[in-house]
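# Kindly generate the corresponding structure for this input.
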Amino acid sequence: MKRNRRVKILATLGPSSSDQKMIETLFKAGADVFRINMSHTDHALLNTLVTRIRAVEADLGRPIGILADLQGPKLRVGTFHEKSVMLEKGATFVLDSKDEPGDATRVLLPHPEILSELEPGHRLLLDDGKIELVVTECDATSATTRVEVGGKLSARKGVSVPDTTIAVSALTPKDRKDLDAALDANVDWIALSFIQRPEDLAEARKVTRGRAGLLAKIEKPQAVERLAEIIELSDALMVARGDLGVEMPLEKVPGIQKQITRAARRAGKPVVVATQMLESMITSPVPTRAEVSDVATAVFEGADAVMLSAESAAGEYPEAAVATMNRVAEQVEQDLNYVNIMHSQRTEPEATGADTISAAARQIADTLNLAAIVCYTTSGATGLRAARERPSTPIICLSPVVSIARRMALVWGTHCVVSEDADNEEKMIDRACRIAFSNKFAKPGQRIIITAGIPFGTPGSTNMLRIAFVGSDGLGGI
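Residues are numbered from 1 along each chain as shown. Now for the predicted structure:
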């Protein structure tokens with residue numbers, strides 16, 4: 001199934017989209033990768049969803065990516081004597097370690113790791129940022145705060161501490177169990193929530209050991225500050241604008257989105273833009289004009305993927321949401337400004353053989369108006385370098401490793417095909433031409449460019465370019 005766009009669509013599964021028929025419908029509507037939110041999924045349902053996705057994959061003959069999104073540490077206040085309390089602006093409110101119901105003057109904060117790190121002047125944001133407190137005094141067991149923005153507060157509401165780096169792992173005990181279950185189910189990507197530092201990724205990488213790609217969700221100011229280090233240790237990134245917009249001023253989020261997207265592109269790492277992209281389609285069959293512009297902006301910016309959350313997981317119109325995002329992406333990529341923006345944001349290749357070959361392939365394909373760039377890739381690295389160039393020519397990635405083909409489903413512009421590795425140049429050319437022809441990227445008489453490595457089948461050895469004609473029988477010749 002050939003897509004008519006380069007950006008990928010990531011759709012979250014949930015009550016509205018868990019059965020196999022709907023998963024197939026969403027894939028046909030445009031979803032390339034399916035997200036399983038472990039905040040709302042037990043291990044039995046995880047395995048059921050993976051089985052259903054793999055059944056759709058087998059029926060349609062296309063590799064489909066699966067992303068398991070770990071919950072991460074959830075920080076919450078305790079309970080109250082009453083159903084809720086009203087915090088008035090200017091009032092004093094204490095968060096402490098007393099394990100007893102609270103009132104309008106105090107409440108339990110069952111997180112000693114927060115209390116031990118707070119300092120006067122630090123902010124605490126409660127209930128998704130609706131209430132803002134500023135610390136005036138604190139010690140290891142309590143924090144006295146001034147209410148800057150008041151409101152009604154009820155039990156177990158979330159706590160964010162944007163000014164404080166907390167000495168807590170991004171992997172909770174629940175996350176460790178969920179991570180093991182996701183790896184056992186052979187998912188392709190693991191998303192880590194609420195990371196603050198590169199060490200959070202290093203901890204997860206010890207567990208995954210290459211069995212799945214690690215996607216770092218950037219949703220805390222501390223992660224933005226250490227973005228370069230986090231990019232280096234991650235396999236992909238997500239601009240998680242929901243929590244990012246809680247912990248940082250909303251007006252800063254669009255600029256940070258561009259910063260993260262461009263930094264990931266320079267590094268050749270896939271980047272996903274997420275949260276509230278078509279939010280109104282949870283209850284409406286059509287989006288707002290502002291939401292369409294939001295999706296378009298991410299596509300113009302060169303994001304590898306755009307994501308649907310509740311729109312596809314719990315909304316009334318999951319198929320319409322995916323189809324709408326697909327249409328918007330296709331239209332943006334046909335815009336004359338799109339090619340100019342991709343060209344203007346292109347960075348110089350790094351001083352490696354793979355980068356040099358990929359940059360040359362893109363330039364040759366553009367100059368000669370070739371039908372496709374065909375990459376032989378065992379590890380996926382060659383496909384990533386080709387996508388980093390953002391060529392106007394389609395990219396076909398041929399990999400003998402099905403897990404790599406599935407993982408590449410998240411990467412901009414790549415059409416992945418599971419194929420045996422070539423063991424000589426003639427087979428390499430014939431196979432590339434045949435697949436470009438059968439997948440309707442090239443017609444007889446057109447030319448393609450092929451990148452591969454010698455010795456054949458050696459990961460990370462991309463060092464060869466070939467231009468080939470597609471013959472009338474779909475086979476090729478130099």
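
# So, low pLDDT: which residues of the protein?
For the chain, the stretches with pLDDT under 70 are 456-461, 473-478.

# Can you pull up the most central residue in this structure?
Nearest to the mean C-alpha position of the chain, by CA atoms, centre = their mean, lies residue 272 at 3.7 Å.

# If I follow the layout properly, that one ends up in contact with residue 410?
Yes - assessed by CB atoms under 8 Å, residue 272 is found in contact with residue 410 at 7.3 Å. C-beta: built from backbone N, CA, C; applies to glycine.

# Name the residues contacting each of these two.
Residues touching both residue 272 and residue 410 (CB atoms under 8 Å, 6 or more residues apart in numbering) are 10, 236, 304, 305.

# Just the ones of these in strands?
Using DSSP state E, the subset of those located in strands is 10, 236, 305.

# beta partners of the last one?
This means residue 305. Counting by DSSP bridges, residue 305 is bridged to residue 8, residue 272.

# For it, give its distance to residue 342.
Distance, residue 305 to residue 342, using CB to CB, to the nearest Å: 16 Å.

# Kindly report the same for the first one.
With distances taken as CB to CB, residue 10 is found 21 Å from residue 342.

# How about the second one?
Relative to residue 342, residue 236 is positioned 19 Å away (criterion: CB to CB).

# and the two? which has more neighbours close in?
Neighbour comparison, residue 236 and residue 342: the larger count goes to residue 236, with 24 against 21 (by other CB atoms under 10 Å).

# Looks like the more buried one contacts residue 270 (just checking).
Yes - with contact defined as CB under 8 Å, residue 236 counts as touching residue 270 (4.1 Å).

# Now do the shared contacts for the two.
Here residue 236 and residue 270 share the contacting residues 215, 264, 304, 410, scored by CB under 8 Å, 6+ apart.

# so which two of these are the farthest from each other?
Greatest spacing in the shared contacts of residue 236 and residue 270, by CB to CB: 264 and 410 (11.9 Å).

# got any residues that touch both of these two?
Contact with both residue 264 and residue 410 is made by residues 236, 270, 304, according to CB under 8 Å, 6+ apart.

# how near is the second one to residue 368?
Counting by CB to CB, the gap between residue 270 and residue 368 amounts to 28 Å.

# where along the stretch 151-300 of the chain do the strands fall?
Secondary structure of the stretch 151-300 of the chain (DSSP state E, counting those that start in this stretch): strands located at 151-154, 159-160, 189-192, 213-218, 236-240, 271-274.

# Partner strands of the second one and their direction?
It stands for strand 159-160. Strand 159-160 has the following sheet partners, assigned by DSSP bridges: strand 123-126 (antiparallel).

# Ok, the fourth one next?
According to DSSP bridges, the neighbouring strands of strand 213-218, each with its direction, are strand 189-192 (parallel), strand 236-240 (parallel).

# more crowded one of residue 270 and residue 368?
Neighbour comparison, residue 270 and residue 368: the larger count goes to residue 270, with 28 against 12 (by other CB under 10 Å).

# does the more buried one really touch residue 408, like I thought?
No - counting by CB under 8 Å, residue 270 does not reach residue 408; the two are 9.0 Å apart.

# Which neighbours do these two have in common?
Listed as contacting both residue 270 and residue 408 by CB under 8 Å, 6+ apart are residue 384.

# before we move on, back to that, for residue 315, find the nearest of the strands of the stretch 151-300 of the chain.
Closest to residue 315 of the strands of the stretch 151-300 of the chain, according to CB to CB: strand 271-274, at 15.2 Å.

# beta partners for the residue nearest to residue 67 when sequence neighbours are not counted?
Spatially, and ignoring its direct neighbours in sequence, residue 67 is nearest to residue 189 (4.0 Å; CB to CB, 6 or more residues apart in numbering). When bridges are called by DSSP bridges, residue 189 pairs up with residue 67, residue 213.

# what do you get for residue 238?
Per DSSP bridges, residues listed as beta-bridge partners of residue 238: residue 217, residue 272.

# what sits against it?
Counting by CB under 8 Å, 6+ apart, residue 238 touches 191, 215, 216, 217, 218, 271, 272, 273, 274, 307.

# and with 7 Å instead?
Residues counted as contacts of residue 238 (CB atoms under 7 Å, 6 or more residues apart in numbering) are 191, 215, 217, 218, 272, 274.
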